[in-house]
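Undergrad: Build me a model:
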Amino acid sequence: MALLEVQDLKVYFQRRRASLFVPRPAPMKAVDGISFTIEPGETYGLVGESGSGKTTTGRAIIGLYPATSGTIIFNGQPLFDGAWKQRGGFNRDIQMIFQDPYSSLNPKKRVLDIIAEPLRNYERLSPSEERAAVQQLLEQVGLNTDSIYKYPHEFSGGQRQRIGIARAIALRPKLIIADEPVSALDLSVQAQVLNFLKDIQTELGLSYLFISHDLGIIKHMCDRIGIMYRGRYVEQGSASELFEQPEHIYTKRLLAAIPVHEPAERERRAEQRAAIQAEYEHAYDRYFDSDGLAYPLRHLSGTHYAASHRAGGSG
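TA: Prediction:
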């Protein structure tokens with residue numbers, strides 16, 4: 001049984017009228033009918049450019065943004081099916097790691113209070129038990145236990161992100177939504193945090209919904225991947241299926257944009273980009289409708305789906 005099942009999720013935001021005397025404009029369709037599942041212990045990646053709807057998807061699942069319609073099922077129990085169900089027991093099982101490790105931490109609170117906040121909401125611990133639990137979490141994320149009385153500004157970016165991770169795993173959740181967790185960090189620190197995320201996934205049996213615009217990171221972290229464009233899926237499949245056999249032109253353009261270092265490879269990549277651009281210009285209608293939106297997904301093989309003008313089901 002899938003840990004998380006999202007079916008036909010839509011998140012629309014109403015636009016303001018220019019005045020009372022004009023009709024209300026059509027809503028902005030931030031997420032427009034996407035479906036996917038996440039298995040226990042799996043890392044599922046959501047990729048797309050800014051504004052594609054990937055972050056909105058993650059925040060809708062955890063309840064930070066209101067979903068318009070669709071179904072969200074967690075561990076066999078419905079969270080949302082047009083209206084939110086009782087979330088009490090699920091809040092501790094789904095946690096989030098935010099993009100900016102500084103703005104997501106209250107600068108006026110000590111590390112002890114930041115990490116202990118979920119424990120205070122769901123556990124009944126004495127002050128000494130709480131302090132011991134926070135120190136254990138700090139050890140788990142590779143920080144000195146003496147840091148509990150420090151404030152966020154006293155740490156580096158990578159250390160602050162580890163504090164955010166410690167807070168996220170404090171209640172031993174089943175699913176963590178990681179929204180661009182390393183995009184604000186230096187490259188050397190990114191590798192440390194990514195490897196650490198994989199280590200604690202193995203240690204705690206976590207599942208991740210990993211949101212990023214960086215395909216290199218997604219390939220390193222994820223078992224299956226969904227590619228989003230303007231609120232819809234354009235392609236979905238395993239990492240090997242998408243990286244070795246991309247079908248949709250948008251996926252091909254994303255892959256061709258990955259930087260390469262070898263001079264000979266750069267020349268080959270430039271030729272590849274030119275060929276993809278020619279295909280994009282001559283076969284645009286095969287991939288996008290008259291509004292510039294992706295067609296419904298159709299099944300290709302295995303777990304591989306791609307948007308096509310031919311009718312097909314969603315994966």
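
Undergrad: just the helices in this structure please.
TA: 54-62, 88-91, 111-122, 127-140, 157-169, 187-204, 215-221, 239-244, 249-256, 263-282, 284-287 (DSSP state H).

Undergrad: CA atoms of the last one as CSV?
TA: Yep, that's helix 284-287 we're talking about. The C-alpha coordinates for helix 284-287 follow below in CSV (Å, rounded to 0.1, in the frame of the first residue of the first chain):
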residue,chain,number,x,y,z
TYR,A,284,5.0,22.2,-30.6
ASP,A,285,1.4,21.0,-31.1
ARG,A,286,2.4,17.5,-30.3
TYR,A,287,3.3,18.5,-26.8
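
Undergrad: ok, and for that helix, which residues are buried?
TA: Tyr287 (16 or more other Cβ atoms under 10 Å). Bear in mind the C-beta positions are built from the backbone N, C-alpha and C, glycine included.

Undergrad: can you list the residues that contact that helix?
TA: Contacts made with helix 284-287 from outside it, assessed by Cβ atoms under 8 Å, 6 or more residues apart in numbering, are listed as Val234, His248, Ile249, Tyr250, Tyr280, Ala294, Tyr295, Ala307, Ser308, His309.

Undergrad: The same query, at a cut-off of 10 Å, please.
TA: 229, 234, 247-252, 279-280, 292, 294-295, 306-310 (Cβ atoms under 10 Å, 6 or more residues apart in numbering).

Undergrad: Produce a ChimeraX select command limited to the buried residues of the residues you listed.
TA: Buried members of the contacts of helix 284-287, defined by 16+ other Cβ under 10 Å, are picked up in ChimeraX with:
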select :229,234,247,248,249,250,251,252,280,294,295,306,307,308
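
Undergrad: Of the helices of the chain, which shows the lowest average pLDDT?
TA: Here the lowest mean pLDDT among the helices of the chain goes to helix 88-91, at a mean of 74.

Undergrad: show me what contacts Ile211?
TA: 44-48, 54-59, 96-97, 99, 177-181, 183, 218, 228.

Undergrad: Recalculate using a threshold of 8 Å.
TA: Going by Cβ under 8 Å, 6+ apart, Ile211 touches Gly45, Leu46, Lys54, Thr55, Thr57, Gly58, Ile177, Ala178, Asp179, Glu180.

Undergrad: re earlier: format the helices of the chain as CSV; extra columns: distance to Ser103.
TA: Shown next, in CSV, are those (distance: least, Cβ to Cβ, whole Å):
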stretch, distance to Ser103
helix 54-62, 14
helix 88-91, 22
helix 111-122, 13
helix 127-140, 21
helix 157-169, 10
helix 187-204, 17
helix 215-221, 21
helix 239-244, 30
helix 249-256, 27
helix 263-282, 36
helix 284-287, 37
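
Undergrad: nearest to Pro40, of those?
TA: Ranking the helices of the chain by proximity to Pro40 (Cβ to Cβ) places helix 187-204 first, at 11.1 Å.

Undergrad: And the nearest residue to Pro152 once chain neighbours are set aside, what's its pLDDT?
TA: Excluding its sequence neighbours, the residue lying closest to Pro152 (Cβ to Cβ, 6 or more residues apart in numbering) is Leu105, at 4.3 Å. Listed pLDDT for Leu105 reads 93.

Undergrad: Thought Asp113 was touching Leu105, still the case?
TA: No - assessed by Cβ atoms under 8 Å, Leu105 is found out of contact with Asp113, at 10.3 Å.

Undergrad: Give me the more crowded residue out of the two.
TA: Between Leu105 and Asp113, Leu105 has the larger neighbour count (other Cβ atoms under 10 Å), namely 22 against 16.

Undergrad: Please name the residues that touch the more buried one.
TA: By Cβ under 8 Å, 6+ apart, Leu105 lies in contact with Ile114, Pro152, Arg160, Ile163, Gly164.

Undergrad: residue contacts, the first one?
TA: Residues near Ile114 by Cβ under 8 Å, 6+ apart: Leu105, Asn106, Pro152, Ile163, Arg167.

Undergrad: distance of the first one from Met96?
TA: Translated: Leu105. Leu105 sits 13 Å away from Met96, taking Cβ to Cβ, to the nearest Å as the criterion.
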